[in-house]
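A.B. asks: whatever this is, show me its structure:
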Amino acid sequence: MQMLYDSRQYVVVAIEVPGGVEAEAAPALSRGGYEIVDKFARKEIFLQGMLAQQFQEGVQRIVEGGPTEEAMDEFIARYTALAQQPVIMH
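C.D. replies: All right, here's what the predicted structure looks like:
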């Protein structure tokens, strides 16, 4: 687990979980994705598969263009609109 982004509104964490024996033969089979937490809405979403890949590519485009917190937060907001899981403190 690696924190990639932390703004006033969002936290993005990359989670990589090796897929076991199958992943050794084909690394593309590893599991993982991105967990995004909306601090204000107190909801989170986990992106994996194609959605995670699209997220990564979008972030890369922003980084290449000279990222700002506003641009990154605006991009992340597109994904947090899908968030249904409440953040529960324990």
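A.B. asks: for V59, what are its contacts?
C.D. replies: For V59, the contacting residues are M72, F75, by C-beta atoms under 8 Å, 6 or more residues apart in numbering. C-betas here are computed from N, CA, C, even on glycine.
A.B. asks: go through the helix or strand hosting it and flag the buried ones.
C.D. replies: Per DSSP states H and E, V59 falls inside helix 49-64. By 16 or more other C-beta atoms under 10 Å, the buried positions in helix 49-64 come out as A52, F55, V59.
A.B. asks: what stretches of the chain score poorly on pLDDT?
C.D. replies: Scanning the chain for pLDDT under 70 picks out the ranges 19-30, 89-90.
A.B. asks: mind redoing it with 80?
C.D. replies: The chain contains residues with pLDDT under 80 at 17-31, 85-90.
A.B. asks: for it, what spans make up the helices?
C.D. replies: 21-25, 49-64, 69-80 (DSSP state H).
A.B. asks: the residue most central in space within the chain bridge partners, please.
C.D. replies: Central residue of the chain (C-alpha atoms, centre = their mean): Y34, 2.9 Å from the mean position. Assessed by DSSP bridges, Y34 has beta-bridge partners A14, L47.
A.B. asks: wait, isn't it in contact with F55?
C.D. replies: Yes. With contact defined as C-beta atoms under 8 Å, Y34 counts as touching F55 (5.7 Å).
A.B. asks: between those two, what contacts are shared?
C.D. replies: The contact lists of Y34 and F55 share L47, where a contact means C-beta under 8 Å, 6+ apart.
A.B. asks: picking that back up, now the helices of the chain in JSON lines, with distance to V12?
C.D. replies: Output for the helices of the chain, formatted as JSON lines (distance: least, C-beta to C-beta, whole Å):
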{"stretch": "helix 21-25", "distance to V12": "23"}
{"stretch": "helix 49-64", "distance to V12": "8"}
{"stretch": "helix 69-80", "distance to V12": "7"}
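A.B. asks: that'll do, ta.
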